[in-house]
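Trainee: fold the following.
(one chain, ligands or ions: 2)
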Amino acid sequence: MEIDKTTFIASLSGPAAVDSMNPEAKADAIEDFMMKRLNTEKFGLALKGLNEPGIALDASGRYPTVAEIEAQIETRSHRRGVGNLFLSHTGNVNILPKMPARPTLADYFKHRFTFTGNHVLQSANLAKKNGLSEEIILACLLHDTVQELIKVDHGWWSAQLYEPYVSEKVAFAIRYHQALRFYEDKAYGYEYPEIYRMFFGEDYKPEPYIEAAYQMVRNHKWYFETRMVTVNDLYSFEPGVNPQLEEFTDIIGRHFKQPKEGLGFDNSPVAHMWRSIATPDRPL
Ligand SMILES: [Fe+2]
Ligand SMILES: [Fe+2]
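Mentor: Residues are numbered from 1 along each chain as shown. Ligands and ions are numbered 1, 2, ... in the order given. As a prediction, the model looks like this:
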């Protein structure tokens with residue numbers, strides 16, 4: 001996907017705002033931006049309408065200061081890390097389709113992963129084309145879906161959501177793709193994304209917990225699997241490419257332990273997370 005630098009920076013309130021963000025927030029912002037773009041093309045939404053309320057250049061084209069950006073926090077009715085299901089950038093939220101009594105992963109894809117679905121399907125599709133293992137393909141398929149619930153630290157949240165149902169290796173790759181994005185490995189075809197350098201300069205350093213995670217993962221036996229999620233993640237924002245979940249039914253069947261009670265009702269330690277995705281309108 002071609003990214004228009006000006007539009008992207010403006011969507012974040014300009015260079016000063018970008019400078020004020022920590023590297024993890026910047027990476028999330030890029031991913032978020034690309035996802036919005038992808039969904040814009042898919043659903044025909046106006047990009048302008050997807051920008052966050054309270055963020056705009058002033059009349060003179062001056063960008064906000066760090067303090068102004070911080071001041072904007074209190075102008076919003078939501079926090080920026082909130083999940084896609086919990087707010088609308090274009091108006092009011094809509095009534096969600098009812099979930100079956102025993103929802104499967106496919107039901108969640110169909111009825112709840114509407115914002116992240118196409119991106120992760122493209123990612124899995126690419127991993128499949130690249131001849132990667134079924135576990136890597138599954139990790140790609142699931143890696144960002146938790147962003148429907150919450151976006152901050154999404155690698156960790158996502159791994160937790162899936163841990164009871166996938167192998168340790170798959171959960172590991174999902175968890176740490178978030179950290180590996182910042183670190184290149186040319187041997188595996190992953191260069192530090194040009195887009196990060198272009199928009200945010202050369203001197204950005206990931207936060208210590210991200211650096212520590214990377215240092216651990218790079219010497220880990222599952223480094224390859226985790227790295228492959230980032231490799232197939234980066235290039236999976238192509239408009240007009242719409243792989244279907246059915247292409248992955250066999251892989252899901254072999255590597256995803258679908259609970260017979262349904263996701264959200266199996267009394268697992270993460271059942272409440274699934275229920276929160278299924279019924280985000282419950283008041284308490
Ligand atoms: Fe991600
Ligand atoms: Fe992703």
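
Trainee: what's the weakest-modelled helix or strand in the protein?
Mentor: Least confident helix or strand of the chain, by mean pLDDT, DSSP states H and E, is helix 47-50 with a mean of 27.

Trainee: list the contacts of the residue in the stretch 151-284 of the chain that ligand 2 sits nearest to.
Mentor: Here the stretch 151-284 of the chain gets closest to ligand 2 at one residue, Asp233, 4.0 Å apart by Cβ to the ion. C-beta: built from backbone N, CA, C; applies to glycine. By Cβ atoms under 8 Å, 6 or more residues apart in numbering, the contact set of Asp233 is 123, 140, 143-144, 177, 181.

Trainee: poorly predicted segments of this structure, please.
Mentor: By pLDDT under 70, the weakly predicted segments of the chain are 1-70, 194-204, 234-238.

Trainee: and with 80 instead?
Mentor: Applying pLDDT under 80 to the chain flags the ranges 1-73, 80, 89, 193-205, 234-240.

Trainee: count the neighbours of Pro280 for me.
Mentor: Neighbour count for Pro280, taken as other Cβ atoms under 10 Å: 16.

Trainee: who are the contact partners of it?
Mentor: 83, 85-86, 96.

Trainee: and with 7 Å instead?
Mentor: Neighbouring residues of Pro280 by Cβ atoms under 7 Å, 6 or more residues apart in numbering: 85-86.

Trainee: near ligand 2, which residues of the stretch 51-200 of the chain are found?
Mentor: Counting by Cβ under 5 Å from the ion, the residues of the stretch 51-200 of the chain close to ligand 2 are Asp144.

Trainee: looking at the stretch 51-200 of the chain, which residue is nearest ligand 2?
Mentor: Counting by Cβ to the ion, the stretch 51-200 of the chain gets nearest to ligand 2 through Asp144 (4.2 Å).

Trainee: I figured that residue hits Gln122, correct?
Mentor: No - with contact defined as Cβ atoms under 7 Å, Asp144 does not reach Gln122; the gap is 10.9 Å.

Trainee: re earlier: am I right that the residue of the stretch 151-284 of the chain closest to ligand 2 sits in a strand?
Mentor: No - if the criterion is DSSP: H, G, I helix; E, B strand; the rest coil, then Asp233 is helix and not within a strand.

Trainee: gap between it and Val241?
Mentor: When distance is defined by Cβ to Cβ, to the nearest Å, Asp233 is 14 Å away from Val241.

Trainee: more neighbours: Asp144 and Gln122, which one.
Mentor: Asp144 (27 against 22).

Trainee: count of residues packed around the nearest residue to the more buried one once chain neighbours are set aside?
Mentor: Nearest non-adjacent residue to Asp144, counting by Cβ to Cβ, 6 or more residues apart in numbering: Thr116, 4.9 Å away. Other residues near Thr116 come to 26 when the count uses other Cβ under 10 Å.

Trainee: list the contacts for Thr116?
Mentor: 35, 84, 144-145, 147-148.

Trainee: all strands of the chain, in order?
Mentor: Taking DSSP state E, the chain contains no strands at all.

Trainee: give me the number of residues near Thr278?
Mentor: Actually, residue 278 is Ala rather than Thr. So Ala278, with other Cβ under 10 Å, has 22 neighbours.

Trainee: if I look at the closest residue to it other than its chain neighbours, how far off is Leu87?
Mentor: Nearest residue to Ala278, sequence neighbours excluded (Cβ to Cβ, 6+ apart): Met99, at 4.7 Å. Distance, Met99 to Leu87, using Cβ to Cβ: 20 Å.

Trainee: so between these two, which is more surrounded?
Mentor: In terms of neighbours (other Cβ under 10 Å), Met99 is the more surrounded of Met99 and Leu87; the figures are 21 against 15.

Trainee: surely the more buried one and Asp107 touch.
Mentor: Yes - Met99 sits in contact with Asp107 when judged by Cβ under 7 Å, with a separation of 5.9 Å.

Trainee: just give the number of residues close to the closest residue to Glu211 other than its chain neighbours.
Mentor: Leaving aside its sequence neighbours, Glu211 sits nearest to Lys205 (Cβ to Cβ, 6+ apart; 7.4 Å). By the other Cβ under 10 Å criterion, the neighbourhood of Lys205 contains 10 residues.
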